[in-house]
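Visitor: Using only what follows, build the 3D model:
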Amino acid sequence: MAITELSIRNYRSLRDLRLPLGRLTVVTGPNGSGKSNLYRALWLIAQISEGGFARALCREGGLVSALWAGPRRSKDPWRMSLGFRTDELSFQLDCGFPIPSNTLFGYDPQIKEETIWLGKVRRPSTTLVDRRGGVARMLEQGGDRVEYPATLSENESILSQLREPQRFPELYSLRDEIRRWRFYHAFRTDADAPVRFPQISVQTPVLDHDGSDLAAALQTILEVGDARTLQSAIEAALPGRALEILANDPDPTHRSPRTTELCVALRTEGCLRPLVARELSDGTLKYLCLVAALLTPRPPALIALNEPEASLHPDLLAPLAELIVDASRYSQVWVTTHSPSLAEAIEARSGVSPIRLRLVEGETVIAEGGTGEHDSGDPDGTRTRASRSTAAPPSGDP
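Guide: Residues are numbered from 1 along each chain as shown. Down below sits the predicted model:
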């Protein structure tokens, strides 16, 4: 279920923006053009399914801060709208301020309308959810239209409050798909970052958002994923180095109860011992995090990267572009970047032109000729990396 269009209204600099998305979408533009706002809007949609929408807005300064601050037409409501469309259905959520009352939570976002329907054009017969405030009319599995039986929280999406999956299977499927989206924008590589120290081992098919479980994620790829492409990606970016995951002498017989800890290390030509994570540069660790995220043995529906080029040496951009293009064969991939070099490298390998944004009187718009051209990529997107590992490797704060 790939997103084909993202629609945002009255969120920060995004007064009214509709953006087409393909299997691979690269968004670029100058500082202050709204790239990060667009990424954060997509991230907010992901919070809708988790019940974290209100808190996510709170961390941005609340609805007062998040609302479009420019001039309005006289009839425009004070509402923010987040929506997207897939090949199968459409989703839209409108939120605004609650009715004034004697409360200290008078600026919380209140869900005014929430609508989910099948296809592109909304019709009564294809509407799965029609919510107004705290009341929602929903289409059951049997075709009956009913009022949702539970009391709805006014500042969270109905997707995070669903019950009885057998009655609303389409909505559960949508929620589960959104929950599989992965966002990577804040890998910690400072001196005290968890990634620099041994971590308790547990099989990790999907890297955590901050990269803290990097050693386990890389070891999982080595054991059940595409180990050949993993080592090739490191060799291409870091010549003369090879990945090694160090363990603290585990008991292979499992007779002695002990905890295994794993640590990332690189074997380097000319060195008599591997260099462990605490000795590696910020850029090297970040590149290894990106490798783990993009070579996941369990490809999520969506992988979103915000400024992945930050702190990377220019020589790493071409190998990174190769990984991004390859990942778009298994997941829908979104990249927000300041780097023309990275955007050009991705375009050269995929044929996908970047979407260029610019700011006009405080409003983010798509630059002329900057709408991007998207390949369809793998048409079904259902393959997994684990199954591919037996074949030859390809040539390629909110």
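Visitor: For Ile8, see how far away Asn102 is.
Guide: 33 Å (Cβ to Cβ, to the nearest Å). Backbone N, C-alpha and C define where each C-beta goes, glycine included.
Visitor: Between those two, point out the one with more neighbours.
Guide: Ile8 (28 against 5; other Cβ atoms under 10 Å).
Visitor: any low-confidence regions in the stretch 201-350 of the chain?
Guide: 249-259 (pLDDT under 70).
Visitor: so where do the helices sit in it?
Guide: Ranges of helices within the stretch 201-350 of the chain are 214-224, 227-237, 282-294, 317-327, 340-350, based on DSSP state H, counting those that start in this stretch.
Visitor: any idea of the mean pLDDT in the longest helix seen in the chain?
Guide: Longest helix in the chain by number of residues (criterion: DSSP state H): helix 35-50. Throughout helix 35-50, pLDDT has a mean value of 95.
Visitor: For it, output the C-alpha coordinates as CSV.
Guide: The C-alpha atoms that make up helix 35-50 are tabulated as CSV, following Å, rounded to 0.1, in the frame of the first residue of the first chain:
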residue,chain,number,x,y,z
LYS,A,35,11.5,20.6,3.4
SER,A,36,11.6,19.8,7.1
ASN,A,37,8.0,20.9,7.6
LEU,A,38,7.0,18.5,4.9
TYR,A,39,8.9,15.7,6.5
ARG,A,40,7.4,16.5,9.9
ALA,A,41,3.9,16.5,8.4
LEU,A,42,4.5,13.0,7.2
TRP,A,43,5.8,12.0,10.6
LEU,A,44,2.7,13.5,12.3
ILE,A,45,0.5,11.3,10.1
ALA,A,46,2.5,8.3,11.4
GLN,A,47,1.8,9.4,15.0
ILE,A,48,-1.9,9.3,14.3
SER,A,49,-2.0,5.5,14.3
GLU,A,50,0.0,5.3,17.6
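Visitor: re earlier: between the helices of the stretch 201-350 of the chain, which gets nearest to Pro149?
Guide: helix 282-294 (39.7 Å; Cβ to Cβ).
Visitor: Return the closest one as PDB; C-alpha atoms alone will do.
Guide: Taking C-alpha atoms only, helix 282-294 is exported to PDB below (Å, rounded to 0.1, in the frame of the first residue of the first chain):
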ATOM      1  CA  ASP A 282      30.500  10.300  13.700                       C
ATOM      2  CA  GLY A 283      30.200  10.100   9.900                       C
ATOM      3  CA  THR A 284      31.300   6.400   9.900                       C
ATOM      4  CA  LEU A 285      28.800   5.500  12.600                       C
ATOM      5  CA  LYS A 286      26.000   7.400  10.900                       C
ATOM      6  CA  TYR A 287      26.700   5.700   7.600                       C
ATOM      7  CA  LEU A 288      26.600   2.300   9.300                       C
ATOM      8  CA  CYS A 289      23.200   3.300  10.800                       C
ATOM      9  CA  LEU A 290      21.900   4.200   7.300                       C
ATOM     10  CA  VAL A 291      23.200   0.900   5.900                       C
ATOM     11  CA  ALA A 292      21.300  -1.000   8.700                       C
ATOM     12  CA  ALA A 293      18.100   1.000   8.100                       C
ATOM     13  CA  LEU A 294      18.100   0.500   4.300                       C
END
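Visitor: Do I have it right that Ser36 meets Ala310?
Guide: No. With contact defined as Cβ atoms under 8 Å, Ser36 does not reach Ala310; the gap is 12.0 Å.
Visitor: From the neighbour counts alone, determine which of those two ranks first.
Guide: Per other Cβ under 10 Å, whichever of Ser36 and Ala310 has more neighbours is Ser36, with 20 against 14.
Visitor: Thank you, goodbye.
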